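*Asks:* just a sequence and a predicted model for now, questions to come.
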Amino acid sequence: MPSKEVIRVSNLTFYYRQEEPIIDNLSFSVFEGEFFGILGPNGSGKTTLLRLILGFLKPIGGKIELFGEDLRTFKDWKRVGYVPQRFYVERAFTGTVGELFKAVAPKEKVGWIIAYLHLEDLLNKQFIKLSGGQQQRVLLALALTTNPDLLLLDEPLTGLDIHAQEHIENILKEISKTKTVVVVSHDVSFVLRNASRILCLGMQECKLVKAQELKGMLKELYRLH
Ligand SMILES: Nc1ncnc2c1ncn2[C@@H]1O[C@H](COP(=O)(O)OP(=O)(O)OP(=O)(O)O)[C@@H](O)[C@H]1O
């Protein structure tokens with residue numbers, strides 16, 4: 001039996017300014033249990049695509065479905081976890097890590113995730129004063145508090161040192177055993193190591209490829225001519 005579609009994007013079109021199309025008639029599906037990568041050069045629309053899937057932006061044309069339901073009527077947001085780019089949230093989170101968790105859910109509901117990601121020692125610290133790797137673990141934990149079936153991550157490794165990158169990658173590997181994971185990343189080797197299929201944005205035509213097919217396309221994707 002074929003896997004269920006967790007995300008279905010059909011003929012999606014989006015632009016901020018009509019003269020500059022960002023996403024043009026894009027169609028693809030993400031299936032249950034997949035580790036799905038989204039690659040593309042700066043400005044190719046990766047974050048925009050995630051924001052469309054999350055309903056923060058409305059498509060100009062086409063349709064998005066989550067768990068088989070049209071996004072326009074979808075309400076089961078507990079099934080979807082989102083880890084935004086760390087640099088975007090850094091200034092917005094002024095409190096301690098403990099306060100952040102308190103704002104999201106009661107202690108008995110987030111206790112498991114605090115233990116799972118070893119965040120106990122960080123609870124009294126201010127988010128802004130944590131290291132990049134620690135901040136990323138907190139953002140991951142916040143996204144996991146509802147125990148979502150689908151996790152969307154925007155550049156989870158950016159700005160982290162090798163040690164922190166390895167740590168986050170291992171956590172994501174573990175998480176992907178039980179959840180569908182969609183990752184936007186600039187780190188081609190990270191995506192190649194983990195994703196089974198990869199959507200490449202920003203080429204003349206967006207392409208959906210299997211990981212083993214990607215290597216031959218990197219020149220075109222990143223315009224390395
Ligand atoms: N709110 C906005 N208003 C107008 N244009 C925007 C807005 N957000 C993004 N853009 C433009 O849309 C294009 C796609 O941006 P987006 O952030 O989705 O790309 P990206 O692939 O995620 O880039 P990066 O790799 O740099 O994070 C860029 O040209 C960007 O300047």
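*Replies:* Right, received. Where do you want to start?
*Asks:* excluding its backbone neighbours, what's nearest the most centrally placed residue in the chain?
*Replies:* With distances taken as CA atoms, centre = their mean, Leu153 lies nearest the centre of the chain, 1.9 Å away. Nearest non-adjacent residue to Leu153, counting by CB to CB, 6 or more residues apart in numbering: Val83, 4.3 Å away. C-beta: built from backbone N, CA, C; applies to glycine.
*Asks:* burial check on Ala115, number of neighbours?
*Replies:* Using other CB atoms under 10 Å, Ala115 has 10 other residues around it.
*Asks:* can you give me the buried ones in the strand or helix carrying it?
*Replies:* Using DSSP states H and E, Ala115 falls within helix 107-116. Neighbour counts over helix 107-116 (16 or more other CB atoms under 10 Å) mark 110, 113-114 as buried.
*Asks:* likewise stretch 43-61?
*Replies:* Those buried within stretch 43-61 under the rule 16+ other CB under 10 Å are 44-54, 57, 59-60.
*Asks:* picking that back up, and the residue nearest to Leu153, what is it in contact with?
*Replies:* Residues in contact with Val83 (CB atoms under 8 Å, 6 or more residues apart in numbering) are 136, 139-140, 142-143, 151-154, 156.
*Asks:* identify the farthest-apart pair in those residues.
*Replies:* Gln136 and Leu152 (14.5 Å; CB to CB).
*Asks:* the ligand versus Pro84, what's the distance?
*Replies:* Computed with CB to the nearest ligand atom, to the nearest Å, the distance linking Pro84 and the ligand is 11 Å.
*Asks:* could I get the helix holding Ala115 in CSV with only the CA atoms?
*Replies:* Only the C-alpha atoms of helix 107-116 are listed here, as CSV (Å, rounded to 0.1, in the frame of the first residue of the first chain):
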residue,chain,number,x,y,z
LYS,A,107,4.8,21.6,32.8
GLU,A,108,3.4,18.1,32.9
LYS,A,109,3.0,18.3,29.1
VAL,A,110,6.5,19.5,28.3
GLY,A,111,8.4,17.6,30.9
TRP,A,112,9.1,14.7,28.6
ILE,A,113,10.6,16.9,25.9
ILE,A,114,12.8,18.8,28.4
ALA,A,115,14.2,15.5,29.5
TYR,A,116,14.4,14.1,26.0
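*Asks:* now that helix: average pLDDT?
*Replies:* Across helix 107-116, pLDDT averages out at 83.
*Asks:* then stretch 187-207?
*Replies:* For stretch 187-207, the per-residue pLDDT averages 84.
*Asks:* report the buried residues of it.
*Replies:* Neighbour-count burial for stretch 187-207 [16+ other CB under 10 Å]: 187-188, 190-192, 194-195, 197-203, 206-207.
*Asks:* stretch 67-86 too?
*Replies:* By 16+ other CB under 10 Å, the buried positions in stretch 67-86 come out as 67, 71, 74, 79-86.
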